[in-house]
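J.: A predicted structure for the sequence below; I have some questions about it.
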Amino acid sequence: MDLIHIESVFRPADESALPSFTPGDTYVSGGTWLFSEAQPAARRLIDLSAIAWTPISTTPTEVVIAANCTYRQLEGFDWSGLPAGRIFPIAIRSLSSSFKTYGLATVGGNIGLAFAKGMMTPVFLTLDARYELVTPAADGAPANVRLVSAAAFQTGVRQTILGPGEYVRAIRVPRDAFSRRLVLRRAAHQASSHVTAMVIAAADPATGATTLTLSGALTYPVKITLSPAASVAEQVDAASAAHPVLVDSHGGGDYRRLLLRELATEALAALATPDHAA
């Protein structure tokens, strides 16, 4: 779609060249959703995709994924030494978007849009990631940088804690989290449509804990640690009762709660079979 209200496009190659954010500005990094519908309030696009952040880097304690890392770069990275990273190609292929967008669509774009159907946020929530958020400062002053947990970032459908002019620069994942075994299960009306419900089951060999991340059916993803004191169905029902359930043309609340219970059971059964875990 042509964005007929756009008056200018700014595409810096360096983060230090980013302009001060003003009303009518819109960040874009890939823009595969931005160009899918009219954006009447947007007057200037600030394109983050050309900034030379390293797509994926590793340290002894963290794996750092740049916000403008594309799906293709994330999918093509060698995750052999970081077993849980094998969940990323699975999540990417579970998106409703076409594979033709994988070279443009970015990890940070998926996170920042904060759709209930988003696939990146539930994965990073499962891995206890933190997001590096940046607000450019005016008049050459230092930018403001803060780290927030993935659990705190999304607060609803298209709702996040991002302040005016703030953007996601990087996703920082504890390296130890990549030793977890993960299983993703999703339900959708058809293979190419967005998820109606999704569950990621994770087993942490360091702590012995098993967690479930519930997504798609709720307005934002929620992670719970399972307890042997109650059944899986009871714990999933309690989590879905405590958080807003999404109701739209793809399904009502009762249907989506049922899907969460079924997907949780399937994911946990697969988690018990090593060959089916990421």
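T.: Perfect, thanks for sending it.

J.: Could you list the low-pLDDT ranges of the stretch 51-200 of the chain?
T.: The stretch 51-200 of the chain contains residues with pLDDT under 70 at 96-98, 138-141, 190-193.

J.: contacting residues around Glu7?
T.: 43-44 (CB atoms under 8 Å, 6 or more residues apart in numbering). All C-beta atoms are positioned from the backbone trio N, CA, C, and that covers glycine.

J.: Against Leu48, how distant is it?
T.: Here Glu7 is placed at a distance of 19 Å from Leu48 (CB to CB, to the nearest Å).

J.: And for Glu266?
T.: 37 Å.

J.: who has more neighbours, these two?
T.: Using other CB atoms under 10 Å as the criterion, Glu266 and Leu48 rank with Leu48 on top: 25 against 15.

J.: ok, how many other residues are close to the closest residue to that one other than its chain neighbours?
T.: Nearest residue to Leu48 in three dimensions, chain neighbours excluded: Ser29, at 4.2 Å (CB to CB, 6 or more residues apart in numbering). For Ser29, the count of nearby residues is 27 (other CB under 10 Å).

J.: where exactly do the strands run in the stretch 151-278 of the chain?
T.: Under the criterion DSSP state E, counting those that start in this stretch, the stretch 151-278 of the chain contains strands at 154-156, 159-160, 167-174, 181-187, 197-203, 210-215, 222-225.

J.: Can you name the residues in contact with the first one?
T.: This points to strand 154-156. The contact list for strand 154-156 (CB under 8 Å, 6+ apart) reads 111, 114, 121, 160-161, 219-221, 244.

J.: Would you pull up how far that strand lies from the middle of the chain?
T.: 12 Å (CA atoms, centre = their mean, to the nearest Å).

J.: Relative to it, what are the paired strands and their orientations?
T.: Strand pairing for strand 154-156, using DSSP bridges, gives strand 159-160 (antiparallel).

J.: Equivalent analysis for the third one, please.
T.: According to DSSP bridges, the neighbouring strands of strand 167-174, each with its direction, are strand 62-66 (antiparallel), strand 130-135 (antiparallel).

J.: Most tightly packed of the ones you listed?
T.: Highest mean neighbour count among the strands paired with strand 167-174 (mean count of other CB atoms under 10 Å): strand 62-66, with a mean of 22.

J.: next helix or strand past that strand?
T.: For strand 62-66, the following helix or strand on the C-terminal side (DSSP states H and E) is helix 71-76.

J.: neighbouring contacts of that next one?
T.: Residues from elsewhere that reach helix 71-76, judged by CB under 8 Å, 6+ apart: 55-56, 65, 88-89, 92, 95, 101-103, 105-107.

J.: how about 7 Å then?
T.: Applying CB atoms under 7 Å, 6 or more residues apart in numbering, the contact partners of helix 71-76 are 55-56, 65, 88-89, 92, 102-103, 105, 107.

J.: Next: stretch 173-186.
T.: 60-63, 82-85, 87, 90-91, 94, 124, 126-129, 195, 198-206, 216, 263, 266-267, 270-271, 276-278.

J.: buried stuff in it?
T.: Buried positions in stretch 173-186, judged by neighbour count with 16 or more other CB atoms under 10 Å: 173, 176-178, 180-186.

J.: ok, back up a step: and the contacts of helix 71-76, which are buried?
T.: 55-56, 65, 88-89, 92, 102, 105, 107.

J.: quick one: which of the residues you listed is nearest Ser149?
T.: Proximity to Ser149 was ranked across these by CB to CB; first place goes to Ile65, at 15.4 Å.

J.: So the closest one sits against Ile56, correct?
T.: Yes. In this structure, Ile65 is within contact of Ile56 by CB atoms under 7 Å, at 5.4 Å.
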